[in-house]
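# Requesting a structural model of the entry that follows:
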Amino acid sequence: MINNNSVKFIMAGRRKRRRRWILVTGLLAGLAFILCWTMLLLGNTIYPVNEVIRVLLGEELNGVSFAVNTIRLPRMLTGLLAGFAFGIAGNTFQTMLRNPLASPDVIGITAGSSAAAVFCILILHTSGAVVSIASVIAGLATVLLIYIFSRGRTFSIGRLILVGIGIQAMLNALISYLLLVGAQQDIPAALRWLSGSLNGSQMHELPPLSVTVLIFAPIIIMLGKHLSMLELGEQMATSLGINTDKTRILLIVSAVTMIALATATTGPIAFVAFLSGPIAKRLVGVGLSNAIPAGLVGVNLVLAGDLIGQFAFDVRYPVGIITGILGAPYLLFLLIRMNRKGDL
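Okay, the predicted model is just below:
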């Protein structure tokens, strides 16, 4: 029987974890706020805060209005929405499959959406809604394909990851083929898109991504406790009263839709989905859902990466190049560690 001291100890630990969650989430949100404003202020010309605020409130100022409303604000909002989508979706897959390698950009889901988008750009010469719809369908089809090929007598997360990596290699080969046969005038646009970039972001491109994040991110957040229970394993989650099949379907559809729309809007920004969950988990700790912190980490990675790519070097680099440099060493580290543990 649990005595009062044990109850007090448990409650104290829970309050401590909650305070840490609130503090970390607040700091991540504050950092994202600072980065958003930095993106609005910095450029070829650095504008004062008061002028940017006046423009955002609807006032017309020569030079400032065009730079802020046409170039910087769409770029910032795109990075904000795409970063949150990549972060929360990546964390969903990693938690649900109980493996940090089970990220959409590692197991081929992002590659599936990318292949569909490149096909639309180079072969069908379409953009906008068609690319978005094709990306979502291809992302869901890739998930189904990975599941079919990874089935065996027993379910193995390691086998699923290896199958996903193989499918990603096949899809990358398909993308290379499309680049070879595509029209020469369309290839530069496709290559810029494949690098993962916020360049050329426009306000009219944001509604599909905005609606997707506003609909599906709350679903994942509300299922945060269920997702944490799925991390304990199938039997434990079922014994706690979770309908595992229904929960997984909701989580997969929500995560894949956000990943696909974010990929269709910005291109595959490398390793943001892969890094956000582990970073958030290390910052927040265990015991509470880290869906929101992971989304905020994704926002900070995308916005900070874009600022570094724009202003830290003599040549401007797309954000995907910067995040790729950060994520590649961590991926190699995980592969080596899991191989030593026998998880692969």
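
# Going by C-alpha atoms from here, please, whenever you check contacts or count neighbours.
Noted.

# Residue 91: what's it in contact with?
If a contact means CA atoms under 8 Å, 6 or more residues apart in numbering, then residue 91 has 103, 273, 274, 276, 277, 278, 291, 294 as its contacts.

# pLDDT averaged over the host helix or strand of it - what is it?
Using DSSP states H and E, residue 91 sits in helix 73-96. What helix 73-96 shows for mean pLDDT is 93.

# CA atoms only: put that helix into CSV for me.
Presented in CSV, the C-alpha positions along helix 73-96 are these (Å, rounded to 0.1, in the frame of the first residue of the first chain):
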residue,chain,number,x,y,z
LEU,A,73,7.2,38.3,-43.8
PRO,A,74,6.3,35.4,-46.2
ARG,A,75,9.8,33.9,-45.7
MET,A,76,9.4,34.1,-41.9
LEU,A,77,5.9,32.6,-41.8
THR,A,78,6.9,29.8,-44.2
GLY,A,79,9.8,28.9,-41.9
LEU,A,80,7.6,29.1,-38.8
LEU,A,81,4.9,26.8,-40.2
ALA,A,82,7.2,24.4,-42.0
GLY,A,83,9.5,24.1,-39.0
PHE,A,84,6.7,23.4,-36.6
ALA,A,85,5.2,20.8,-39.0
PHE,A,86,8.6,19.1,-39.5
GLY,A,87,9.4,19.1,-35.8
ILE,A,88,6.1,17.8,-34.4
ALA,A,89,5.7,15.2,-37.2
GLY,A,90,9.2,13.8,-36.8
ASN,A,91,8.7,13.5,-33.1
THR,A,92,5.4,11.7,-33.6
PHE,A,93,7.1,9.0,-35.7
GLN,A,94,10.1,8.7,-33.4
THR,A,95,7.9,8.3,-30.3
MET,A,96,5.3,6.0,-31.9
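
# Tell me which other helices or strands the next helix or strand after it touches.
Sequence-wise, the next helix or strand downstream of helix 73-96 (DSSP H and E) is helix 109-119. Packing partners of helix 109-119 (3 or more CA pairs under 8 Å, 6 or more residues apart in numbering; DSSP states H and E): helix 129-150, helix 157-181, helix 244-266.

# Identify the residues contacting residue 27.
By CA under 8 Å, 6+ apart, residue 27 has no neighbours at all.

# Give the helix, strand or coil label for it.
Secondary structure for residue 27, judged by DSSP: H, G, I helix; E, B strand; the rest coil, is helix.

# what about the lowest-mean-pLDDT helix or strand in the chain, distance to the chain center?
Least confident element among the helices and strands of the chain, by mean pLDDT, DSSP states H and E: helix 234-239 (a mean of 73). Relative to its chain's centre, helix 234-239 lies at 28 Å (CA atoms, centre = their mean, to the nearest Å).
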